[in-house]
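In: fold the following, please.
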Amino acid sequence: MVTRSHLIAVFLIASLIGAPSLSFAKARGSGGGFSSGARGGQSSMGIGSRGSRTYQDNGTKPIEQSTTPKPSATPPPSAAGAPPMQPAPAAPSSWWQRNPLLAGIAGGLAGTWIGHMLFGATESSAKTTEAEPNAASNSASDSFGLILLLMLVGAGALYYFKKVRQNPAPVFTGLSRSTAATGSLLDISSTSPDRTTTDTAYTVTTEDKAVFQQLLTDIQSAWSAQDVAALRRFLTPEMLSYFSTALAEDNSRGVENHVEKVELLKGDVREAWSEGDTDYATVDLRWSACDYTVSTTIPRGEPGYLIEGSEETATESHEVWTFMRVRDGRWLLSAIQQ
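Out: Now for the predicted structure:
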């Protein structure tokens, strides 16, 4: 009898086996040539890289499969640029804390003198009628004790002020930019390089738009011909790896996808910018094409040859493509979003 634990184990094993094949299928959707097509397919995520804007929200499905690492969480700019907090200066210790030996001696003498004054005075008053001649000696003893105590207090005060003047208490308030010497390690000059990633606007020209339109046609034609060498001229290495993997998967399944008679219906530039020597342009593309998939093991005309789509009826597709180029270089497709 199959137990519940056996069923759970079988389910987990099946999930692990199927996981690798799902990752790329999600990126492709049901359309061919990485197009959504009009056959009801929409890919569930974007692929590729868009420079520093790879993971920015641009109104389309976010890019989830990319070689660009996701940015790590950083503290707010105010916290990142602020100097480290300095510990609060400790309150200076008292003379009694710094000189426990002298404090103990002074305390002991003071206690002895106070006790002698209280109990000695009581005893002397009780014995006044019996030992009148001893009054002078008791008075002299009290005066001697008071003088001794005052001398000790004076010596302690002299020691205290001498110690403070020789070793002033340090101030741990830290150095600020205003107090740092020019050229020192604490001097943060305004000429220090800005390490934040910045980009500048790029103006897409008419020639650029013509290149984008031609790339749409050339990429779909190379895809339909299973021509990886041709794709290499139009794609970034990252996108080429995605296309090559998809072609290998189709070949393994014995199918071919064709996107023919491509006609651009509308193209709108969403954003264009430059990062250093690299230009980027993200473009809305809407086109029509005959998008269909056939079997490579069944002869044309036989049942089962046409797997999906139509060889005669064109359908519409809509995707957002990002192109990149090194300054004065060729534009290449670097990302696709739905």
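
In: just the buried positions in the lengthiest strand in the chain, please.
Out: Longest strand in the chain by number of residues (criterion: DSSP state E): strand 255-275. Going by neighbour count (16 or more other CB atoms under 10 Å), the buried part of strand 255-275 is 255, 256, 257, 258, 259, 262, 264, 271, 272, 273, 274, 275. Quick note: C-beta positions are derived from backbone N, CA and C, even for glycine.

In: equivalent analysis for stretch 48-55, please.
Out: Neighbour-count burial for stretch 48-55, counted by 16+ other CB under 10 Å, picks out 48, 49, 50, 51, 53, 54, 55.

In: and for stretch 53-68?
Out: For stretch 53-68, the neighbour count (16+ other CB under 10 Å) marks 53, 54, 55, 58, 63, 65, 66, 68 as buried.

In: quick one: which of those residues sit in strands?
Out: 63, 65.

In: re earlier: against which helices or strands is the longest strand of the chain packed?
Out: Secondary-structure packing of strand 255-275 (3 or more CB pairs under 8 Å, 6 or more residues apart in numbering; DSSP states H and E): strand 200-201, helix 206-224, strand 278-295.

In: show me what the last one pairs with in its sheet, parallel or antiparallel.
Out: Looking back up the chat, that one is strand 278-295. Sheet pairing of strand 278-295 (DSSP bridges) gives strand 255-275 (antiparallel), strand 306-309 (antiparallel), strand 315-326 (antiparallel).

In: nearest to residue 284 among the ones you listed would be which one?
Out: The minimum distance between residue 284 and the strands paired with strand 278-295 falls on strand 255-275, with 4.3 Å, by CB to CB.

In: got the CA positions of that closest one in CSV?
Out: Provided in CSV are the C-alpha atoms of strand 255-275 (Å, rounded to 0.1, in the frame of the first residue of the first chain):
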residue,chain,number,x,y,z
VAL,A,255,10.1,20.7,-34.4
GLU,A,256,10.9,24.0,-36.2
ASN,A,257,9.4,27.4,-35.7
HIS,A,258,9.2,29.9,-38.5
VAL,A,259,8.4,33.6,-38.4
GLU,A,260,8.1,34.9,-42.0
LYS,A,261,6.7,37.9,-43.9
VAL,A,262,7.5,40.2,-41.0
GLU,A,263,5.9,43.7,-41.3
LEU,A,264,6.5,46.3,-38.7
LEU,A,265,3.1,48.0,-37.8
LYS,A,266,4.3,50.4,-35.2
GLY,A,267,7.4,51.3,-33.3
ASP,A,268,7.7,53.7,-30.3
VAL,A,269,10.9,54.5,-28.4
ARG,A,270,10.2,54.1,-24.7
GLU,A,271,13.5,55.3,-23.4
ALA,A,272,17.1,55.9,-24.6
TRP,A,273,20.2,56.6,-22.5
SER,A,274,23.9,56.2,-22.4
GLU,A,275,26.2,54.7,-19.8
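
In: could you chop the chain up by domain?
Out: Split into domains by automatic domain parsing, the chain comes to 29-65+199-337, 95-166.

In: quick one on the thing from earlier: among the buried residues of strand 255-275, which pair sits farthest apart?
Out: For the buried residues of strand 255-275, with distances taken as CB to CB, the pair at the greatest spread is 255 and 274 (40.7 Å).

In: any regions of the stretch 151-300 of the chain where pLDDT drops low?
Out: By pLDDT under 70, the low-scoring segments of the stretch 151-300 of the chain are 153, 157-198.

In: ok, now with 90
Out: Low-confidence segments of the stretch 151-300 of the chain (pLDDT under 90): 151-199.

In: again with the stretch 1-150 of the chain
Out: For the stretch 1-150 of the chain, the ranges with pLDDT under 90 are 1-45, 70-150.

In: can you do 80?
Out: 1-45, 72-150 (pLDDT under 80).

In: picking that back up, redo the strands paired with strand 278-295 as a markdown table? Include distance to residue 333.
Out: As requested, the strands paired with strand 278-295 are arranged in a markdown table below (distance: least, CB to CB, whole Å):
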| stretch | distance to residue 333 |
| --- | --- |
| strand 255-275 | 14 |
| strand 306-309 | 22 |
| strand 315-326 | 6 |
